[in-house]
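J.: Okay, predicted coordinates and the sequence, questions at the end:
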Amino acid sequence: MEPMHVEAVRNDAAPSRTGLVQDYVRIECPQCWAAYYLYHDGMEVKLLRGYFLRASWQISGEHPNHNPVIVFENSSAVTQEKAS
Ligand SMILES: [Zn+2]
């Protein structure tokens, strides 16, 4: 089975690959202005729901150093440092 791809992308950043679907639900850091949207490759909404909680935890945990893209692998989140 093809693994699903889900990532949280900060609203001022671009997703790591093209062709992803942007979800409309906004996820915000509870401590600052950082806001993210989930991008995925066509995942069912009921499966996607679990990623909102993971994204919220991850975003909250990264505060105040928010990465532009957080890619969710099977069981762990891998952050991509911004290339500079
Ligand atoms: Zn924050």
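T.: Cool, the structure landed. Remember, predicted model here, so these are calculated numbers, not experimental data.

J.: With just CA atoms, put the lengthiest strand in the chain into CSV.
T.: Counting by DSSP state E, the longest strand found in the chain is strand 21-28. Extracted in CSV, the C-alpha atoms of strand 21-28 (Å, rounded to 0.1, in the frame of the first residue of the first chain):
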residue,chain,number,x,y,z
VAL,A,21,-4.3,19.1,-1.4
GLN,A,22,-4.5,21.9,1.1
ASP,A,23,-7.0,21.4,4.0
TYR,A,24,-9.1,24.3,5.0
VAL,A,25,-8.6,23.9,8.8
ARG,A,26,-6.1,26.4,10.2
ILE,A,27,-3.8,25.2,13.0
GLU,A,28,-2.3,27.9,15.2
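
J.: The chain should start at 40 in everything you say after this.
T.: In the new numbering, first residue 40, that becomes strand 60-67.

J.: Using PDB, write out every CA atom in the helix or strand just after that strand.
T.: With elements assigned by DSSP states H and E, the helix or strand that comes after strand 60-67 is strand 74-79. Provided in PDB are the C-alpha atoms of strand 74-79 (Å, rounded to 0.1, in the frame of the first residue of the first chain):
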ATOM      1  CA  ALA A  74      -0.400  29.300  11.600                       C
ATOM      2  CA  TYR A  75      -0.300  26.100   9.600                       C
ATOM      3  CA  TYR A  76      -2.400  24.200   7.200                       C
ATOM      4  CA  LEU A  77      -2.300  20.500   6.500                       C
ATOM      5  CA  TYR A  78      -1.300  19.400   3.000                       C
ATOM      6  CA  HIS A  79      -2.000  15.800   1.900                       C
END
